[in-house]
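Student: just need the structure, nothing else, for what follows:
(chains A and B)
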Amino acid sequence: GAVVSQHPSWVICKSGTSVKIECRSLDFQATTMFWYRQFPKQSLMLMATSNEGSKATYEQGVEKDKFLINHASLTLSTLTVTSAHPEDSSFYICSAPPLAGGPTDTQYFGPGTRLTVL
Amino acid sequence: AQRVTQPEKLLSVFKGAPVELKCNYSYSGSPELFWYVQYSRQRLQLLLRHISRESIKGFTADLNKGETSFHLKKPFAQEEDSAMYYCALTLSGGYNKLIFGAGTRLAVHP
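Tutor: Next comes the predicted model:
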């Protein structure tokens, strides 16, 4: 089956630094990838839609200058949390629907990246 | 605005008991609804979608447009069903973003 990976699986950083999280579709191509944020014991909140070859689309209330998204290829999207602060600590999850094959509404989720900002 | 509501944070049942996880949605158009499941220490995965009208692992869910509900049911719960269950909505067909409910933790006790 289709697999989405994320790297790193967890990261601890100091306040004020930037952190990059990668989302890769391992055995399929995806023109669109989605980035979610999940706080402890809460649901997934969509942050942005990553579009290959064009700008990401951000949800209301998400700072695009804070959460930089780059979708450089059909298998890779990156989320960079710039000037991270403790309130950015969270679980970040990406998902991707395959470009071809399978039901059109299928999305495959990555395992998530836990970010802790000290 | 589109919204998915799962009123129960936790549902605790004994093995063999029937299970119903509630999900209500608000959307003026024709939604596509899903149930996703997240087992302990595993990634989120699709359980079932309303358009398929299928039964997966004994679970079924029927879309009731009149009540704007998509409740998940299983007649006899198993311990391995213990997990977080999320109801989700997408606004139209194709590769569209998902709007998730808050999730319900199902705990099935022996």
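
Student: low-scoring stretches of the chain, by residue?
Tutor: If you meant another chain, say so; for now it's chain A. Counting by pLDDT under 70, chain A has low-confidence residues at A:1, A:99-105.

Student: should've been chain B
Tutor: Low-confidence segments of chain B, defined by pLDDT under 70, span residues B:92-96.

Student: return the backbone torsion pair for the closest residue to residue B:54 other than its chain neighbours.
Tutor: Taking C-beta to C-beta, 6 or more residues apart in numbering or on different chains as the measure, residue B:54 lies nearest to residue B:48, with 5.9 Å between them; neighbours along the chain are not counted. Every residue, glycine included, has its C-beta placed from N, CA and C. Here the main-chain torsion angles of residue B:48 (degrees, to the nearest 10) amount to phi -160, psi 160.

Student: so what touches stretch B:85-101?
Tutor: Contact partners of stretch B:85-101, identified using C-beta atoms under 8 Å, 6 or more residues apart in numbering or on different chains, comprise A:31-32, A:34, A:43-46, A:49, A:95, A:97, A:104-105, A:107, B:2-6, B:21, B:23, B:25, B:27, B:29-38, B:44, B:47, B:70, B:72, B:103-106.

Student: repeat that for stretch A:83-90.
Tutor: Residues outside stretch A:83-90 that contact it (C-beta under 8 Å, 6+ apart) are A:13, A:15-19, A:37-39, A:66, A:81, A:114-118.

Student: now a ChimeraX select for only the buried ones of those residues.
Tutor: Applied in ChimeraX, the following selects the buried portion of these according to 16 or more other C-beta atoms under 10 Å in any protein chain shown:
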select /A:13,19,37,38,81,115,117
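
Student: for the contacts of stretch A:83-90, name the two members farthest from one another.
Tutor: Spatially, the most separated pair among those is A:16 and A:38, at 23.6 Å (C-beta to C-beta).

Student: which SS class is residue A:65?
Tutor: Secondary structure for residue A:65, judged by DSSP: H, G, I helix; E, B strand; the rest coil, is coil.
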